[in-house]
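>>> predicted model follows, preceded by the sequence.
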Amino acid sequence: MSGSGTPHHPHRVEDLCAAGRELYERALREGHVSAADATDAPCLIDSGLLHPALQDPGRLEPVAPVVALHRLLRSAEDRVAEERRRETRLTEAFAPLMRIDGRHTESAADIPALLLLDGNARINSAITDAMSEASREVLCVQPYTVRKEAYARPLARQRDQALLDRGGRIRTIYQHTLRHAPDIIAYQEQLNGDHEVRTLDQVTDRLIVVDGEVAFLPANTDGTLALEVRHPALLRYFMTTFDRLWHLATPMYPQAVRTPSLNGITPRQRAIAALLVEGHTDAVVADRLGMNVRTARLHIAKLAATLGSESRAQLGYLIGRSGVLDPER
């Protein structure tokens, strides 16, 4: 957290934030800044653009841009060289295995239509590989339960931005409960390119479809297993389902649309009402709408007060009589 109270989001040095750029420019002009000044831009110290003065650790001095650029380019060259060495090692390791297998070229038939991925590292690696080859569109359904996993890591932003930089498009559906989540809003504002976000009261489990060629979805309840899908029929089904959800969803980014209240009943309360008349418990209502049970019960209490209900049984009757679930209203 910065001194101004504004959270500082991790980024690469080539994507220097506005606060960091402004402070670095001032340090170059004035020769130094105070350590307190850098509270809002810790990226400058992390990336080595500012360093403490030997005589006074509370004073930060700038590294010359030409020196910083040379160091960063050399680091990039080292990474490229290491990847080339890794390519050589991989080729040497797999060459004897390919001779045993007898097939030396990869065809579409060699890629399994369904592949089970085990572990978060393997799942993220597979998604990153698919995203690195994408050029058209990525479709995402992100339930509230994966919010921290999806957006706390710089990796997600890097692969999303790389696709947008190649001219691709990203469409994402969240639950309504995330419309005002600061990390979700900040993440969207950090991305540059053709990306849109809409929200629904209820969404499917997590789904990522890349260029209509590969999809990823959970294979167990805790998300440590995922299914990589390349079967054309399943991919068409996922894309059709996403498009139908997309047309039902409410725009959130880049242009937010507010759903109006009806007779004093908010859209959130209408969603709860629909689940209550189906006979669901408070716990199920909370899970389906992406909120905790305490929040769900608070909304139920407000709904009951608005409709004048004195009991749970009476609430269901009053919901039906009120017409708040009538699609024509």
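The structure has been received and is ready for your questions.
>>> okay, and the helix or strand of the chain with the least pLDDT?
helix 147-151 (a mean of 46; mean pLDDT, DSSP states H and E).
>>> just checking, next helix/strand downstream of it?
For helix 147-151, the following helix or strand on the C-terminal side (DSSP states H and E) is helix 154-165.
>>> now that next one: mean pLDDT?
For helix 154-165, mean pLDDT rounds to 86.
>>> so what does the helix or strand just after that helix touch, helix or strand wise?
Counting by DSSP H and E, the next helix or strand C-terminal to helix 154-165 is strand 169-175. Applying 3 or more CB pairs under 8 Å, 6 or more residues apart in numbering; DSSP states H and E, one finds that strand 169-175 contacts strand 137-141, helix 154-165, strand 194-200, helix 232-248. From N, CA and C alone the C-beta is placed, and that goes for glycine too.
>>> and residue 75, what helix or strand is that in?
Counting by DSSP H and E, residue 75 is part of helix 65-101.
>>> mind listing what's buried along that helix?
The neighbour-count check on helix 65-101 (16 or more other CB atoms under 10 Å) flags 68, 72 as buried.
>>> could you do stretch 294-313 as well?
296-297, 299-300, 302-304, 306-307, 309.
>>> cool, and stretch 121-130?
123-124, 126-127, 130.
>>> JSON lines for the residues you listed, including secondary structure, distance to residue 167 and pLDDT?
Formatted as JSON lines, the buried residues of stretch 121-130 follow (DSSP: H, G, I helix; E, B strand; the rest coil; distance: CB to CB, whole Å; pLDDT from 0 to 100):
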{"residue": "123", "secondary structure": "helix", "distance to residue 167": "26", "pLDDT": "89"}
{"residue": "124", "secondary structure": "helix", "distance to residue 167": "24", "pLDDT": "88"}
{"residue": "126", "secondary structure": "helix", "distance to residue 167": "23", "pLDDT": "90"}
{"residue": "127", "secondary structure": "helix", "distance to residue 167": "20", "pLDDT": "91"}
{"residue": "130", "secondary structure": "helix", "distance to residue 167": "17", "pLDDT": "92"}
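>>> check contacts around the spatially closest residue to residue 286 that is not a sequence neighbour.
Among residues not flanking residue 286 along the chain, residue 296 sits closest, at 3.9 Å (CB to CB, 6 or more residues apart in numbering). Shown in contact with residue 296 (CB atoms under 8 Å, 6 or more residues apart in numbering): 272, 282, 285-286, 289.
>>> quick one: which of the residues you listed is nearest residue 208?
Comparing those against residue 208 with CB to CB places residue 289 closest, at 22.1 Å.
>>> residue contacts, the closest one?
175-177, 201-202, 268, 271-272, 275, 296.
>>> can you pull the poorly scored residue ranges out of the stretch 1-150 of the chain?
1-7, 101-111, 144-150 (pLDDT under 70).
>>> hmm, what's the outermost residue in the protein?
residue 55 (43.7 Å; CA atoms, centre = their mean).
>>> wait, isn't residue 273 in contact with residue 267?
No: contact criterion CB atoms under 8 Å: residue 273 and residue 267 do not qualify, at 10.5 Å.
>>> which one's more surrounded, these two?
Remark: of residue 273 and residue 267, residue 273 carries more neighbours, 24 against 15, as counted by other CB atoms under 10 Å.
>>> distance of the more buried one relative to residue 307?
9 Å (CB to CB, to the nearest Å).
>>> what does residue 299 give?
According to CB to CB, residue 299 and residue 307 sit 13 Å apart.
>>> what's the answer for residue 295, then?
Distance from residue 295 to residue 307, by CB to CB: 19 Å.
>>> do residue 268 as well
15 Å.
>>> and for residue 56?
Taken as CB to CB, the span from residue 56 to residue 307 is 67 Å.
>>> what secondary structure does the closest residue to residue 178 other than its chain neighbours sit in?
The shortest distance from residue 178 to any non-neighbouring residue, by CB to CB, 6+ apart, is to residue 184 (5.1 Å). Taking DSSP: H, G, I helix; E, B strand; the rest coil as the rule, one finds residue 184 in the helix state.
>>> fine by me, we can end here.
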